[in-house]
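Novice: I'll drop the sequence and a predicted model, then ask my questions.
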Amino acid sequence: MKSSKLARTIATCWAAIIGLAISGSALAIEWNLRPAGSKLAEDIHTLHEDVMILVTVIFVGVFGFMFYAIFAHRKSVGHKAAQFHENTLVEILWTAIPAVILVLIALPTTRTVIAQKDTSNPDLTIKVTGYQWKWGYDYVKGEGEGIKFISTLATPRAQIENQEPKGEHYLLEVDNELVVPVGKKIRILTTAADVIHSWWVPSFGAKQDAIPGFIRDLWFRPEITGTFRSQCVELCGKEHGFMPIVVRVVTQDEYTKWVGDQMKLIAASADDPNKQYTLDELAQRGEKVYGTICAACHQPNGKGLPPNFPPLDGSKTVLGPKADQITTVLNGRPKTAMQAFAPQLSDVEIASVITFTRNHWGNKVAGADGIVQPGEVKALRDKK
Amino acid sequence: MSAVVDSHGHDHHDHHDHHGGYSGLMRWVTTTNHKDIGTMYLWFSFMMFLTGGAMAMAIRLELFQPGIQFFNPDLFNQFITMHGLIMVFGAIMPAFVGFANWQIPMMIGAPDMAFARLNNWSFWLLPFAASLLIISFFTPGGAPGVGWTLYAPLTVQMGVGMDLTIFAVHLLGMSSILGSINIITTILNMRAPGMTLMRMPLFVWTWLITAYLLVAAMPVLAGAVTMSLTDRHFGTSFFNAAGGGDPVLYQHIFWFFGHPEVYIIALPAFGVVSQVIPAFSRKPLFGYASMVYATSAIAILSFIVWAHHMYTVGMPVTGQLFFMYATTLIAIPTGVKVFNWVATMWKGSLTFETPMLFAIGFLFLFTLGGFTGLVLSLVPIDIQLHDTYYVVAHFHYVMVAGALFAAFAGVYFWFPKWTGKMYDETLGKWHFWLTMIFFNMIFFVQHFLGLAGMPRRIPDYPLMFETWNKISSIGAFGFGLTQLLFLYIILKAIRSGEKSPEHPWEGADSLEWTHLPTPAPYHSFENPPVLK
């Protein structure tokens, strides 16, 4: 038979394809929800398992009937069609029984919904701000109050562009991890600076959209120490897939030490805005800032991705008066991905990165116009 | 319904009389015949299906392995946006409007649609809307990369492609509303004597209810995108908090349209399956009246569940609970439908030609998609799974295994009536089995990806998701090729298919089978049949 030969060929191809797919990646295959790191996540997992068991039983039951009919009520085995087309009792039963089952599911679920929404009496409150395309963390209340930092993807571009082998935590690693103490109730306030993002840590059952102009909240109480990784889960533009969330849960002692270190760092790195920097100092620091903040859109080579992401190499704004460029960086450009960097970057960082762009690639702004001092940024920032 | 009284009125005029005054291309541009227009809707939707499918292939190609290989993230986002819009508005909806055009007049014994010229115009808006969507790729900045949901305020950052998309949505909405008014009027006013509402074939019932959903929902979408347009260009701040607006307002408006939209797509599919399953079971549809009531219940519930798409925006707990309870209620009428279909097959005399295979495939996989819908309706679980691949898997079970499988079932089922030719049954079975296997290969594994935490709409992913993505991509390429087989089957049947017997399906008993010759004449039921 021609068709059975074809079937054999297809089956062989099929086996080869599946074999190839699986051998190509010997990594652990993930089947289920991430291991729970909090009581809430545990409750969600249990709920999910219970519902899955229930629907599987119903599914097998219903389709058991169907497949029995397919097997036994075939014309080819000579089955004659009955002509019944209604049965009031059966129809009432299969309307009422699902209703009862739904109530049984709804009861325990309601308890979890209410628990999940109860953000009262936190030990530590942290504000999370979504930016295109990084997260800002701001410890607003509790131990560590005053610590704030930006958390960006640490995976090198070369790995993403397949020029280097990919590391273990490819796309799930950041420069600054969110650090929280174990066993404490952590309340997260979410907001965003530009478009909607969504902050999620699966192991804590914690997901909340970050909405520009509004503050929402969620809570979790981590019960084990360790590092928990995730990603932004609301499409937020070009680099949506490249803004991971990494939470490191540490013991109370480690946390206290971490807070102490951070406080020392803050004190040490407080830049003197009145200091006069040299061109080299600024350009060197600016290159770093450019790499983490600007390169995603304007590209490492300064050519951008026009027209949505314009080039800086040869740009009129970059080569024009200093004040215009400083204002653009401070306040952003409305209706574009060029956001206001005033809340994210210090005067020194803005001065550095502007100086860098005015003296890099083909850009060479001569004389005093080529250097922006932090004081000039501060003046324009304060004017606003 | 099966009582044959007469079937006159099919005298054979010559060809020119049949097709109006024009021939060639102008025949199709000017036609007001429901059969011609139905054919155009179906071909248009198939072309859009291939276009949107090509974008799906591009998406799966990029996701075949980690890293950025083929498309930059911006273009990737454009593909996911246009894949969604084209499949929903260009492929699935027009396909079922095509069925409505062909079938409703024949099934209720009417000579044509109520507003024949409007019908022509409803169709001819579509190619222009589709062109706008495609052209947007070639504008500065490309097509919008915001997802088919077009969420504000990301839409404000997009280039002129966004405006073209908004106008395309306006045109598509107009086309749908005009088509719906036509369908409602036809069904309510043009039924043959004796065809009471509760004697209509279920396909006609599902379309009557769908048409009301369209009239109610499409203007809401038009409003949402128009507000986005004025936010972009005319200084309004509907969705901008800095100007006193609220980005979440967009989502409320969008999903007030979006959830009924799910049933706009699903109900006609239910209707097709409700014709096919009894025909191949040689047994009347079980629980006809309860099917009608369940369909109506689903339609009404669809307007009070929209915020279950938004559990993570930060609603009050009472809001979450209300939308959760309302959403789980949908399981009841949907369950009734599934039970009715299975009960129709029970103690029937079953045969498994291609339409029946697709209908059974629909029943099996759509129910699976329904169950994952129940899982997602529960707030705490949804908060874990929202915006992950679990949701992608869920709605493709409903949209592809639901609507697309039903559309295939419908095409194979009515093909002999439309053309007088038979398709190749062996190839049809191949088409079904390959579609079935590849479909599950693409989407079943995506449940695992979602559970394990892979977000939607990302062009690159962490290494732990690699295996399932590879399998999914291979399935996608197989699925895409299989649909070319469908094209081949149809073209082969039109060119050189065997002549269809007068009654190709012995169990089919609606008017187009009992009262009209095969193929159906160009003008049918110029005098209405009389039903006892």
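Specialist: Cool, got the structure. Numbering: from 1, shown residues only, chains lettered A, B, ... in the order given.
Novice: pLDDT (mean, whole number) over the host helix or strand of residue B:131?
Specialist: Secondary structure here is read from DSSP states H and E; on that basis residue B:131 sits in helix B:116-135. Helix B:116-135 comes out with an average pLDDT of 96.
Novice: excluding its backbone neighbours, what's nearest the residue of the stretch 151-300 of chain B found nearest chain A?
Specialist: Taking CB to the nearest CB, chain A has its nearest neighbour within the stretch 151-300 of chain B at residue B:241, 2.1 Å off. Just so you know, the C-beta spots here come from the backbone N, C-alpha and C atoms, and that holds for glycine as well. Residue nearest to residue B:241 in three dimensions, not counting chain neighbours: residue A:213, with 2.1 Å by CB to CB, 6 or more residues apart in numbering or on different chains.
Novice: List the contacts of the one you found.
Specialist: Going by CB atoms under 8 Å, 6 or more residues apart in numbering or on different chains, residue A:213 touches A:191, B:240, B:241, B:242, B:246, B:247.
Novice: circling back: send me the helix holding residue B:131 as PDB with only the CA atoms.
Specialist: These are the backbone C-alpha positions of helix B:116-135, laid out as PDB (Å, rounded to 0.1, in the frame of the first residue of the first chain):
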ATOM      1  CA  ALA B 116     -27.400  42.200  -0.800                       C
ATOM      2  CA  ARG B 117     -25.400  45.400  -1.700                       C
ATOM      3  CA  LEU B 118     -24.400  46.000   1.900                       C
ATOM      4  CA  ASN B 119     -23.100  42.400   1.900                       C
ATOM      5  CA  ASN B 120     -20.800  43.200  -1.100                       C
ATOM      6  CA  TRP B 121     -19.600  46.300   0.800                       C
ATOM      7  CA  SER B 122     -19.000  44.400   4.000                       C
ATOM      8  CA  PHE B 123     -16.700  42.100   2.200                       C
ATOM      9  CA  TRP B 124     -14.900  44.700   0.100                       C
ATOM     10  CA  LEU B 125     -13.900  46.600   3.200                       C
ATOM     11  CA  LEU B 126     -11.700  43.700   4.300                       C
ATOM     12  CA  PRO B 127      -9.000  43.700   1.600                       C
ATOM     13  CA  PHE B 128      -8.400  47.400   2.300                       C
ATOM     14  CA  ALA B 129      -8.200  46.800   6.100                       C
ATOM     15  CA  ALA B 130      -5.800  43.900   5.500                       C
ATOM     16  CA  SER B 131      -3.700  46.000   3.200                       C
ATOM     17  CA  LEU B 132      -3.300  48.700   5.900                       C
ATOM     18  CA  LEU B 133      -2.100  46.100   8.300                       C
ATOM     19  CA  ILE B 134       0.500  44.700   5.800                       C
ATOM     20  CA  ILE B 135       1.600  48.200   4.600                       C
END
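Novice: ok, back up a step: most widely separated two among the contacts of residue A:213?
Specialist: With distance counted by CB to CB, no two of those lie farther apart than A:191 and B:240, which are 14.4 Å apart.
Novice: Of all residues in the chain, which one is nearest the centre?
Specialist: No chain was given, so I picked chain A. Closest residue to the average C-alpha location of chain A: residue A:232 at 1.7 Å, with CA atoms, centre = their mean.
Novice: Chain B, not that one
Specialist: Geometric centre of chain B, nearest residue: residue B:92, 3.1 Å, by CA atoms, centre = their mean.
Novice: does it really touch residue B:42, like I thought?
Specialist: No - using CB atoms under 8 Å, residue B:92 makes no contact with residue B:42, being 11.9 Å away.
Novice: okay, the residue in the stretch 101-250 of chain A that chain B sits nearest to: pLDDT?
Specialist: Of the residues in the stretch 101-250 of chain A, the one nearest chain B is residue A:213, at a distance of 2.1 Å by CB to the nearest CB. Residue-level confidence at residue A:213 comes out at 93, pLDDT.
Novice: now residue B:386
Specialist: 95.
Novice: In the chain, where's the longest helix?
Specialist: Using chain A. With secondary structure taken from DSSP state H, chain A has its longest helix at helix A:39-72.
Novice: meant chain B, my bad for not saying
Specialist: Ranked by residue count and defined by DSSP H, the top helix of chain B is helix B:247-281.
Novice: Just the buried positions in that helix, please.
Specialist: Neighbour-count burial for helix B:247-281, with 16 or more other CB atoms under 10 Å in any protein chain shown as criterion, is recorded at B:247-248, B:250-281.
Novice: check whether that helix contacts chain A.
Specialist: Yes - part of helix B:247-281 sits near chain A under the criterion CB under 8 Å from any CB of the partner chain, namely B:247, B:248, B:281.
Novice: and residue 127, how many neighbours?
Specialist: All of this is about chain A. For residue A:127, the number of neighbouring residues by other CB atoms under 10 Å in any protein chain shown comes to 18.
Novice: try chain B instead
Specialist: Neighbouring residues of residue B:127 were enumerated by other CB under 10 Å; the total is 15.
Novice: again with residue A:92
Specialist: Summarising burial for residue A:92: neighbours were counted as other CB under 10 Å, giving 11.
Novice: Secondary structure element holding it?
Specialist: Remark: residue A:92 resides in helix A:88-117, with elements defined by DSSP H and E.
Novice: What residues of that helix count as buried?
Specialist: In helix A:88-117, counting by 16+ other CB under 10 Å, buried: A:91, A:94-95, A:98, A:101-102, A:105-106, A:108-110, A:112-113, A:116-117.
Novice: That one and chain B, are they touching?
Specialist: Yes - under the criterion of CB under 8 Å from any CB, helix A:88-117 makes contact with chain B via A:90-91, A:94-95, A:98-99, A:102, A:105-106, A:109-110, A:112-114, A:116-117.
Novice: how many neighbours does residue B:522 have?
Specialist: 16.
Novice: ok, now how distant is the closest residue to residue B:329 other than its chain neighbours from residue B:363?
Specialist: Once its chain neighbours are removed from consideration, residue B:329 has its nearest residue in residue B:301; the separation is 5.9 Å (CB to CB, 6+ apart). Relative to residue B:363, residue B:301 is positioned 21 Å away (criterion: CB to CB, to the nearest Å).
Novice: Look at the two and report which has more neighbours.
Specialist: More crowded of residue B:301 and residue B:363, by other CB under 10 Å: residue B:363, with 24 against 19.
Novice: got the angle for the one helix or strand the more buried one maps to vs helix A:88-117?
Specialist: Using DSSP H and E, residue B:363 sits within helix B:354-377. With axes from the mean of the first three to the mean of the last three CA atoms, to 10 degrees defining the directions, helix B:354-377 sits at 40 degrees from helix A:88-117.
Novice: All the strands of the chain, in order from the start?
Specialist: I went with chain A, as the question did not name one. Remark: strands of chain A, listed N- to C-terminal, are A:124-131, A:134-141, A:148-151, A:178-181, A:186-192, A:197-201, A:206-210, A:216-220, A:226-231, A:244-250; assignment by DSSP state E.
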